[in-house]
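> show me how the following folds:
(chains A, B and C)
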Amino acid sequence: MASSTVEYAVGRNPEMGPAGTPVPSPLEPFDAPEPELGSQTMLVNVGPQHPATHGVLRLVVELDGETVVSVVPRLGYLHSSFEKLGEYRTWNQIVTLTDRMDYLAPLIYNCAYVMAVEKLMGIEVTDRCRVARVICMEMDRIFSHLLWLGTWSIDVGAFTPFLYAFQQREKVYKLHEALTGARITTSATRIGGMMADLPEGWTKGVREFADNLPATLDEVDTLLTCNAIHIGRTQGIGAISAEDAVNHGLTGANLRASGVPYDVRKDRPYYDYENYDFEVPIGCHGDCYDRYLVRMEEMRQSVRILHQALDHLPGGPMDVEDPRVSLPSKTDCMSDMESMIHHFKLITEGIPAPAEDCWFSVEGSKGELGMYVVGDGGPKPVRWRIRPPSFVNLSAIPKLSEGHLMADLIMINASLDIVLGEIDR
Amino acid sequence: MADQGSAGSVPDFSFVASGPGRSHADAPEQEGPASVPPGNPSVTALWEQFPDGVLRNRVCAGDEDVVYIDPGRVTEILGWLHEMPDQHYDHLADVTAVDYGGGRPIEVVYQLWSIPHRAALRVKCELSLDGLEIDSVTGIWVGADWLEREVYDLFGVTFRGHPDLRRILMPDNYAEGHPLRKDFPLRGRFSRAEQTRRALTQDPEDYYMPGEIGERTPQLVGSGADGGHEVVGSGPGAGGEEDDDGL
Amino acid sequence: MGVDKPGVLGAGTPAFLTTRLDFVVNWARRNSLWPMPFGTACCAIEMMASAASNFDLARFGMERMSFSPRQADVLICAGRVPYKLAPVLRRIWDQMMQPKWCISMGACASSGGVFDVYSMVQGIDTIVPVDVYIPGCPPRPEGLIYGLMMVQEKIRGESLARHGELRAEDPLAVGRPRADDREVADLTGPFGNSTQQNQVSGLVETGAIERPEDRLT
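Numbering: from 1, shown residues only, chains lettered A, B, ... in the order given. Below you'll find the model as predicted:
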């Protein structure tokens, strides 16, 4: 089976409705009759500088008492114009922009971007590079989910999982640093390969991390999964049916929590993902609790993929031998005139890409991450477009939160796992 | 929590979970110049169904089918692609636009994906610079809402029938134009001092007016195909003033 | 007085000590700096890492992240600030009580960084006064902690006698840019090669970008 349904370890609240129907929050204090007074709704502004909006998101909420009537998200408070800036950079220079967009999973963005450009230019990377990138992407999927876990647990009122998650994240920071020299802004990929080969002992460090992570996840499991407060605040909150989720364009764990097993790694496999043995967890109720379970399970599946990829990491060169993109060796540059000219031209002029367009999507940590690149035969893109998964996921928040309490809105926002750098770009 | 192994019981989408390793096997890739027949059967079906609505098609980057359609019939054609059971493009991955500069038409690009059939299709509409208007597809995919707003904000393409067509990323009172157009300079049109001054004169509470949501809700409810984006409901218009007088 | 209870400094010591007022006020201020985390982008993640257990900002008296500006002492602006966010940043700064300090964390907050584009503030020192700039993209947690210690050092040198000079605020400056037009132009002026870069890829030369409506020149 490619997918498995996540099941509750504890019984669900019996008053819950089927998936998709808005369920009144179990935390609603009492059903006292409304006094017959002339009442009007109240507007509450959340953000843009608010600790629970996970960035500079701003939500203008219309409240009837404590019940959310409507939500109007306001974006653009972190609009950094990556796409415009990309038109002024050569293909390889854009890599440094990609990790500043989603700073929670920088390596996934690095890889997705160069994979799109390589498809546009018709470059097949080496076997070693393919597996190395799979390791990078799965490691950063865990990296991103760990930050989500920390902030999610703070939003639900638990501080300890935040510290647990950050202890594991520090290990990934160190792995990033060993690989690239930077803790967050990795810029690890280049068109046709990686910035450098994997450093010595790095795979050992990844394996140690993969070995130790499940213990932390189990600890968080015991803290949260059966926790009555956690269950009460998340079960039945922000439920969306499978049809609505697809129609709203949800992807990633948010879609799979509604029971749609759409995972780009399975449905549009890239980098031999079809040969890895892993499962796609799906939920059945589409609520916040299911999104939590799905992400927790995804981390365990990523650990499985990491182990398989580490087992099968082939030797050989990391970069392709393609004169269009690969630099000649330093020795050749120093001894051979043609190599030096070639090196000079590649660096100063950049790499030409054909006048075509190409769409490449990978399964990012937030959902389907699409890269759409348009070339015109020159070394700079005509258009570099990112299909931001959390942008589209966030657009469903008015539907998800209507009828719930104000406090549930924070949980719904946390369950979507957004990153504002990518939403506003 | 041992969640593995329990089988997914989702009747509607069970045919998707047919196991790893299934890629485009049932849709053989076509390689070669752009004039060859497409790899995606939807393109052939589109040519048969809309012989005058489909302008041309090509294959990009090896295996990506691109169909250029008549901008006037975008809701009809995309709605057909969404509704027909043998097409069923239920996932609208992306709506974006491309400006090639030099006065060439702006392309509006729709990235479609069919979750049941595992097929991708890219649909493009070319809009000349003096007629940057196209019908909104929010009636087909709700998820197109913000994507179309972004294209409106950054390219200035108007989507007819969109329920809430406002700027989304730039401030509402942004006066410098549409940033992703090729004629827009990277550092903006105004000087940095002017930009700073304008930025600070905007009131952070400006968009936090009581009328805003009141205006917006009836638009969402009554968003017909030809509703336009005029203010329909009880905004701070004439009706609102009368209420104030009454109070 | 009958029972001999030891004082603060041991048995038999007096229950008072003499010191300079400046010293004790600065000692109290610098060891309980409450940060107001104005985190927007990548740097905010490093700020969170600084607060987590491995780096533990609480060691330096930043025990409590104060998410309300009215109870905060030091504004940490971590990450890029677009023009749309500028009035929010200025308002938060105006809402903070004196004494207050500001840290600009990272290249984007300090100078705009790589984002020399239409939407970004080119250094928050055009908006609010900055005490400490932390370089890096993003700075490491050690960098942030070092910056906070530099603020502590700065507090050490302050004097209540110069209160008016250091801490007086002009009520008319609320919500205004900190710098005047000429200074903004100087601070945000193009550096690097960003204005020389042309947009259309390689085959067509467009030269430097013209800004026809630039009112300054």
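
> the helices in chain C, which residues?
C:21-30, C:42-51, C:86-95, C:107-111, C:141-156, C:163-167, C:181-188 (DSSP state H).

> mind checking which of these is nearest chain A?
With CB to the nearest CB as the measure, helix C:42-51 is the member of these nearest chain A (3.8 Å). For glycine as for every other residue, the C-beta is placed from the backbone atoms N, C-alpha and C.

> quick one: distance of that closest one to the chain centre.
Between the centre of helix C:42-51 and the centre of its chain there are 14 Å (CA atoms, centre = their mean, to the nearest Å).

> can you state the direction angle for that helix and helix C:141-156?
Here helix C:42-51 runs at an angle of 80 degrees relative to helix C:141-156 (axes from the mean of the first three to the mean of the last three CA atoms, to 10 degrees).

> can you put the helices of chain C in CSV and add mean pLDDT, mean neighbour count and distance to chain A?
Supplementary listing: the helices of chain C in CSV, determined by pLDDT from 0 to 100; neighbours: other CB atoms under 10 Å in any protein chain shown; distance: least, CB to the nearest CB, whole Å:
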stretch, mean pLDDT, mean neighbour count, distance to chain A
helix C:21-30, 89, 14, 24
helix C:42-51, 88, 25, 4
helix C:86-95, 89, 20, 6
helix C:107-111, 88, 25, 8
helix C:141-156, 90, 18, 9
helix C:163-167, 79, 10, 24
helix C:181-188, 79, 17, 16
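
> these: which one's closest to A:Gly192?
Smallest distance to A:Gly192 across the helices of chain C (CB to CB): 26.3 Å, for helix C:42-51.

> from the contact counts, what lies against the closest one?
In terms of contacts (3 or more CB pairs under 8 Å, 6 or more residues apart in numbering or on different chains; DSSP states H and E), helix C:42-51 is packed against helix A:127-156, helix A:160-180, strand C:35-39, strand C:74-78, strand C:101-105, helix C:141-156.

> again, only this time at 7 Å
Applying 3 or more CB pairs under 7 Å, 6 or more residues apart in numbering or on different chains; DSSP states H and E, one finds that helix C:42-51 contacts strand C:74-78, helix C:141-156.

> got the angle for that helix vs strand C:74-78?
Using the same axes, to 10 degrees: helix C:42-51 against strand C:74-78 is 130 degrees.

> not counting its own residues, what contacts helix C:42-51?
Helix C:42-51 has contacts (CB atoms under 7 Å, 6 or more residues apart in numbering or on different chains) with A:100, A:103-104, A:166, A:184-185, C:37, C:39, C:55, C:57, C:65, C:76, C:78-79, C:105-106, C:138-141, C:144-145.

> ok, the residue of chain B found nearest chain C - contacts?
Nearest to chain C, among the residues of chain B, is B:Gly188, at 3.3 Å (CB to the nearest CB). Taking CB under 7 Å, 6+ apart, we find B:Gly188 in contact with B:Glu176, B:Gln195, C:Tyr118.

> okay, those residues in a markdown table with pLDDT, neighbour count and distance to A:Leu416 next?
Putting the contacts of B:Gly188 into a markdown table (pLDDT from 0 to 100; neighbours: other CB atoms under 10 Å in any protein chain shown; distance: CB to CB, whole Å) gives the following:
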| residue | pLDDT | neighbour count | distance to A:Leu416 |
| --- | --- | --- | --- |
| B:Glu176 | 84 | 17 | 32 |
| B:Gln195 | 85 | 24 | 32 |
| C:Tyr118 | 87 | 24 | 29 |
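
> fine by me, we can end here.
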